[in-house]
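Engineer: Predicted model and sequence below, questions to follow.
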Amino acid sequence: MPQVAEKAAAQVAETLHKIPRATSAIAEVIEDGIDVAKRVGKHGGDAAEELMDDTANRVKRHPVESLVMMFALGFIAGGLVDRLTRRK
């Protein structure tokens, strides 16, 4: 029976020795995840800003076509809302 207790104590000591390495590995993974999330957020923000700039430039270059397109989209959206509200 003493051998079992010694083996168990050795196993517990080894496990306790590994805990700091495991926690530091987990912390490193979390930090890497945060860095990736920040990069993705920045990239998404840059893409949205580029889309807004492209849209503004297109409206400046083609104002009449843009106005007609917005009118058509508004008309379609209004018809869709009207149709959905009349169904009930």
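Structural biologist: Perfect, I can see it now.

Engineer: Quick check: which ranges of the chain have low pLDDT?
Structural biologist: 1-2, 88 (pLDDT under 70).

Engineer: What ranges does the chain have for its helices?
Structural biologist: Secondary structure of the chain (DSSP state H): helices at 2-61, 63-87.

Engineer: Turn those into TSV, columns for mean neighbour count.
Structural biologist: No exception for glycine: its C-beta is placed from N, CA and C like everyone else's. TSV is the format used below for the helices of the chain (neighbours: other CB atoms under 10 Å):
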stretch	mean neighbour count
helix 2-61	10
helix 63-87	10
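
Engineer: I'd like to know how far residue 23 sits from residue 31.
Structural biologist: Note on residue 23: its distance to residue 31, by CB to CB, to the nearest Å, is 13 Å.

Engineer: just residue 38 next, same as before
Structural biologist: 11 Å.

Engineer: do the same with residue 11
Structural biologist: From residue 11 to residue 31 the distance is 30 Å (CB to CB).

Engineer: and what of residue 21?
Structural biologist: In terms of CB to CB, residue 21 sits 16 Å off from residue 31.
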